[in-house]
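>>> Build the 3D model from these lines:
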Amino acid sequence: MAKRSALKLEIDAVPSTSWGISLRNKMPRTQWDKLRKQVHERNGSKCQTCGSPDKLHCHEIWEFNDKSGVQKLTGLGTVCNMCHHVTHFGRSTQLAAAGHLDIQAVIAHFLKVNKCDTETFSKHLEKARAVWEKRSKRQWRIDFGEYTSLVPLNAN
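Numbers count the residues shown, from 1 in each chain. From the prediction side, this is the model:
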């Protein structure tokens, strides 16, 4: 398991080989919506990272065991839209390239939440990219953990 940094808000290095694999994508939409609302209520209907009550997302928290190749869902959290864009920075850069997102606003949110400078962001991004590149070279065995029972048996 990777050691967590002192940063409050980090970029997740979800490997490209796992993109699109999520509990949300495996569950029927009505079930996901019910679960998402339960998670938000449990977390006080505010972002667990920055405290914002605006545009909340249910964020899947994954752990990667780089030795065994297991990607395990360990929890569900509540994050605001901007914290979610930071967490999934790779996807955010794609959205920005298509003109759908201001990537500078995403970086500014990282700086504000972490109370840090651009050098800290750049170093964090560089480390996240290195982990992402390494993880993207392999296929991962997906373990939905305590949420496995919510995944229909015929879900691909």
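
>>> And the nearest residue to residue 140 once chain neighbours are set aside, which helix or strand is it part of?
In this structure, residue 140 finds its nearest non-sequential neighbour in residue 71, 4.0 Å apart by Cβ to Cβ, 6 or more residues apart in numbering. For every residue, glycine as well, the C-beta is placed using N, CA and C. Applying DSSP states H and E as the criterion places residue 71 in strand 70-80.

>>> Just the buried positions in that strand, please.
The neighbour-count check on strand 70-80 (16 or more other Cβ atoms under 10 Å) flags 71-73, 76-80 as buried.

>>> can you check stretch 132-145 too?
Buried, per 16+ other Cβ under 10 Å, within stretch 132-145: 132, 135, 140, 142-144.

>>> ok, and what's touching that stretch?
Stretch 132-145 is contacted by residues 13-18, 21, 23, 26, 64, 66, 68-74, 90, 150-151 when judged by Cβ atoms under 8 Å, 6 or more residues apart in numbering.

>>> I'd like to know which of the residues you listed are part of strands.
Among the contacts of stretch 132-145, the ones falling in strands (DSSP state E) are 64, 70-74.

>>> I'd like these written out as TSV, with pLDDT and distance to residue 48 added.
Shown next, in TSV, are the ones in strands among the contacts of stretch 132-145 (pLDDT from 0 to 100; distance: Cβ to Cβ, whole Å):
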residue	pLDDT	distance to residue 48
64	96	20
70	97	25
71	97	21
72	98	20
73	98	16
74	97	14
